[in-house]
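Novice: need coordinates for the below:
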Amino acid sequence: MSREGLRYQMFSRRALLVAGIKGLAVTVLGGRLYYLSIVKGQQFKLRAEQNAINLRLIAPERGEIIDRYGEMMVTNRLDYQVYLIPEQAGDLVETLKSLGRVINLKTAVLERIEKRAKRQRKFVPVTVAQDLSFSEFSRVNVNSPDLPGVFSEAGHTRLYMDGAETGHIVGYVGAPRDEDELADPLYSLPGFKVGIQGLEKNFDLELRGIQGTRRVEVNSVGREIRELEPRQDAIKGDTLKLTIDLALQRFTHRRLGEASASAVVMDCITGDVLTMASSPSYNPNDFNLGLSNANWNAMLEDPRKPLLNKSLGGAYPPGSTVKMVVALAALEKGIINDRTKVTCTGKHPFGDRTFHCWKDDGHGEVDLMTAIRQSCDVYFYHLAEKLDIDDMAEFLYTFGLGQTYELGMTGQREGTVPTRSWKRRTQDLAWQKGETLNVSIGQGAMTASPMQLAVMTARLATGKEVTPRIVQSVGDKEYNRVDGFAQLEVKPNQLAKMHKAMGLVMKPGGTAYDPRRPQSAVKQAGKTGTAQVRRITDQQREDDVDRNNDLPWKERDHALFVGYAPADTPRYVVSVLVEHGGGGSTVAAPIGRDILDEAIALEAKRSKEGDA
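Specialist: Presented below is the predicted three-dimensional model:
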């Protein structure tokens with residue numbers, strides 16, 4: 001073969017080899033294209049759509065809280081907010097500096113944002129600023145192209161209409177804890193808040209509502225380009241309707257003033273709690289917008305405990321306010337009758353101790369009515385010598401002490417109704433008879449909350465097993481309603497004696513008598529109480545040391561009052577406690593009388609307006 005022919009043959013083979021390789025490559029490429037576009041096409045299409053189209057949640061508007069007459073207690077208001085998504089922000093520090101030139105951000109705030117952004121997941125938005133003015137909100141929107149990862153929203157925030165006057169009832173909301181963010185996708189939404197305290201916490205799910213969804217198209221850095229239809233709107237949370245009478249609540253809170261105190265008002269026919277005031281209180285709006293560490297520490301260190309709902313969470317010696325229940329126990333057991341008389345000299349020797357009456361020179365000869373009217377301690381010491389502590393405890397429990405109630409609120413304390421078994425269980429000691437004498441006047445180991453004392457008074461006034469409720473309805477569903485209460489196993493004639501005695505307390509010679517009260521005013525019945533928080537030594541008695549005014553605040557007696565009105569047809573009951581306030585007759589009783597008068601006046605006013 002010639003050289004030219006050989007050269008041609010070699011070229012042909014090479015061309016064929018190259019062509020074969022190209023053909024094989026085209027075949028493989030075509031097969032791969034077929035596999036990707038046909039076999040796996042739908043899967044990759046979905047992936048592409050997920051990269052370009054995001055499903056985003058819409059936070060529901062939180063439900064409102066209203067009083068029994070529909071007056072607004074908690075609602076929502078417009079809130080201009082700014083957030084930052086760390087993974088989209090690029091240089092986080094530089095982005096925050098740029099944002100700080102648009103709106104005023106303090107150095108401490110910037111440092112807090114940086115720390116939170118580093119601590120949490122990078123795709124979860126970080127709250128930068130809330131409660132902005134419309135001018136600030138507009139500036140952020142105008143500068144948004146130069147602020148990667150920063151976005152603003154016109155959302156909603158809680159508005160507590162009466163601030164501190166209802167703080168302990170409604171509670172407040174706050175940001176979910178970091179560890180909770182995995183529990184619910186809503187928790188990762190910017191600005192989303194959950195109930196932290198009070199009814200906001202206990203009915204959080206009902207108030208929260210149901211999330212909505214929307215599909216949005218985003219670019220490569222996650223910025224939203226447009227919203228795609230259809231959108232599923234969020235459903236607003238349920239409205240919480242309470243039994244609270246907001247007008248009476250306001251009056252009661254103002255009447256307590258700056259004292260460390262509590263007052264509870266109930267409708268003894270229905271069990272509805274009309275007022276539950278605890279002073280001093282806190283403003284839930286402060287927590288909603290972010291409480292400073294200085295203010296938080298100040299509340300923690302305040303000896304008057306503004307964070308404590310004293311109405312439910314306080315446990316105090318009830319003092320003489322329980323004497324009617326102790327007397328009923330003795331009457332029912334046949335230990336005394338209403339004619340039984342005791343001579344009070346101001347002292348009652350028992351064993352190697354001497355028990356004292358509040359009146360140093362004594363009350364002289366007293367019967368049951370006089371003993372309650374003038375709150376004679378010695379009469380009840382005599383009674384307690386014959387009455388077993390467990391029998392006494394049974395009646396105290398029957399009248400609502402030593403237990404909690406289904407209120408839809410946490411933080412209740414049971415208090416203590418001491419018994420033999422209680423002391424053995426808690427102290428591993430045997431009960432001593434002298435302790436029964438202390439309990440008979442509401443002292444010693446016995447404690448109760450103002451709510452329990454209100455329930456006790458309602459049961460005394462009606463003879464029925466009245467139970468309290470604060471929440472009337474959740475959405476369109478009635479909550480914890482009781483149609484009629486069972487009768488207590490107490491003889492009506494014995495209960496009538498207590499009604500008479502409590503009426504005498506408010507008349508001349510009684511510990512809660514007010515000579516300035518108009519004769520035309522609605523008649524009330526009640527009982528005062530003064531509970532010691534320290535033991536008075538014999539030397540202090542001999543030296544005639546003033547029991548309150550000359551003592552440090554923390555060592556002064558608690559002042560208490562329980563009562564109901566009208567005296568002949570009970571409708572409203574009240575319990576008042578003033579921590580370290582001094583005498584129940586001089587401090588707590590005037591507050592209780594005024595609150596009952598206001599409840600009657602409001603009822604008359606509304607009745608008149610209804611007739612008109």
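Novice: only C-alpha atoms for contact and neighbour calcs from this point on.
Specialist: Will do.
Novice: contacts only, for the residue minimising distance to the centre of the chain.
Specialist: Closest to where the C-alpha atoms of the chain average out (CA atoms, centre = their mean) is G198, at 2.2 Å. Residues in contact with G198 (CA atoms under 8 Å, 6 or more residues apart in numbering) are 168-172, 409-410.
Novice: any idea how far it is from K497?
Specialist: Noted for G198: a distance of 39 Å to K497, by CA to CA, to the nearest Å.
Novice: and T354, how many neighbours?
Specialist: Residues lying near T354 (other CA atoms under 10 Å) number 12.
Novice: what pairs with the longest strand along the chain, and is each one parallel or antiparallel?
Specialist: Longest strand in the chain by number of residues, with DSSP state E as the criterion: strand 72-84. Paired neighbours of strand 72-84 in the sheet (DSSP bridges): strand 65-66 (antiparallel), strand 126-132 (antiparallel), strand 150-160 (antiparallel).
Novice: least confident of those strands, on average?
Specialist: The stretch with the lowest mean pLDDT among the strands paired with strand 72-84 is strand 126-132, at a mean of 74.
Novice: P148: which of the contacts of G198 is nearest?
Specialist: Comparing the contacts of G198 against P148 with CA to CA places Y172 closest, at 33.1 Å.
Novice: which residues touch the closest one?
Specialist: Counting by CA under 8 Å, 6+ apart, Y172 has contacts 195-198, 200-201, 284-285, 287-288.
Novice: if we use 7 Å, what do you get?
Specialist: Applying CA atoms under 7 Å, 6 or more residues apart in numbering to Y172 gives the contacts 195-198, 200, 284, 287-288.
Novice: which of these fall within strands?
Specialist: Those of the contacts of Y172 lying in strands (DSSP E): 195-197.
Novice: any quick ChimeraX command for the buried ones out of the contacts of Y172?
Specialist: Selection of buried members from the contacts of Y172 for ChimeraX, criterion 16 or more other CA atoms under 10 Å:
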select :195,196,197,198,200,284,287,288
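Novice: and for whichever helix or strand A330 is part of, what's in contact with it?
Specialist: For A330, the enclosing helix or strand under DSSP states H and E is helix 323-332. With contact meaning CA under 7 Å, 6+ apart, helix 323-332 is reached by 336-337, 387, 391-392, 395-396, 440-441, 494, 498.
Novice: contacting residues for K527?
Specialist: By CA under 7 Å, 6+ apart, K527 lies in contact with 321, 502, 505, 561-563.
Novice: try 8 Å this time
Specialist: 320-321, 372-373, 502, 505, 511-512, 561-563.
Novice: same list, these, but as TSV with secondary structure, neighbour count and distance to R304 please.
Specialist: Shown next, in TSV, are the contacts of K527 (DSSP: H, G, I helix; E, B strand; the rest coil; neighbours: other CA atoms under 10 Å; distance: CA to CA, whole Å):
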residue	secondary structure	neighbour count	distance to R304
S320	helix	27	23
T321	helix	28	23
I372	helix	28	31
R373	helix	27	32
M502	helix	28	31
V505	helix	27	30
T511	coil	22	27
A512	coil	31	26
F561	strand	33	20
V562	strand	32	22
G563	strand	34	25
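Novice: so which of these is the closest to L577?
Specialist: Nearest to L577 out of these is F561 (CA to CA; 6.8 Å).
Novice: re the thing from before, which residue, other than its chain neighbours, is closest to the residue nearest to the centre of the chain?
Specialist: G171 (3.9 Å; CA to CA, 6 or more residues apart in numbering).
Novice: pretty sure that neighbour sits against Q197.
Specialist: Yes - G171 is within contact range of Q197, at 4.5 Å (criterion: CA atoms under 8 Å).
Novice: surely P145 is within a helix?
Specialist: Yes - counting by DSSP: H, G, I helix; E, B strand; the rest coil, P145 falls inside a helix.
Novice: burial of it, as a residue count?
Specialist: By other CA under 10 Å, 12 other residues sit near P145.
Novice: separation between it and L132?
Specialist: Computed as CA to CA, the P145 to L132 distance reads 20 Å.
Novice: wait, N480 touches P468, no?
Specialist: No - using CA under 8 Å, N480 is not in contact with P468, being 9.6 Å away.
Novice: please name the residues that touch H382.
Specialist: V342.
Novice: ok, back up a step: now for the helix or strand just after the helix holding A330, which elements pack on it?
Specialist: With elements assigned by DSSP H and E, the helix or strand that comes after helix 323-332 is strand 342-344. Judged by 3 or more CA pairs under 8 Å, 6 or more residues apart in numbering; DSSP states H and E, the packing partners of strand 342-344 are strand 364-366, helix 377-386.
Novice: nearest to L105 among those would be which one?
Specialist: Proximity to L105, assessed across these by CA to CA, is greatest for helix 377-386 (64.0 Å).
Novice: and that closest one, what's its mean pLDDT?
Specialist: For helix 377-386, mean pLDDT is 96.
Novice: how about the strands in the stretch 301-450 of the chain?
Specialist: Using DSSP state E, counting those that start in this stretch, the strands assigned to the stretch 301-450 of the chain run over residues 342-344, 347-350, 353-356, 364-366.
Novice: need the winner for burial among these.
Specialist: strand 342-344 (a mean of 20; mean count of other CA atoms under 10 Å).
Novice: contacts for that strand, please.
Specialist: Counting by CA under 8 Å, 6+ apart, 362-367, 376, 378-379, 382 sit against strand 342-344.
Novice: quick one: distance of it to the chain centre.
Specialist: Relative to the chain's own centre, strand 342-344 is displaced by 46 Å; criterion: CA atoms, centre = their mean, to the nearest Å.
Novice: make sure E136 is indeed in a strand.
Specialist: No - read with three-state DSSP, E136 is helix and lies in no strand.
Novice: just give me the neighbour total for it.
Specialist: E136 has 17 neighbours, counted by other CA under 10 Å.
Novice: skip the chain neighbours and tell me the closest residue to it.
Specialist: I103 is the one closest to E136 (CA to CA, 6+ apart), at 6.2 Å.
Novice: correct me if wrong: that neighbour contacts S135.
Specialist: No - in this structure, I103 is not within contact of S135 by CA under 8 Å, at 9.6 Å.
Novice: so where's this structure uncertain?
Specialist: The model of the chain has pLDDT under 70 over residues 1-17, 19, 34-56, 108, 119-124, 178-183, 216-229, 535-547, 612.
Novice: please redo it, this time with the cut-off set to 50
Specialist: 46, 49-50 (pLDDT under 50).
Novice: much appreciated, bye for now.
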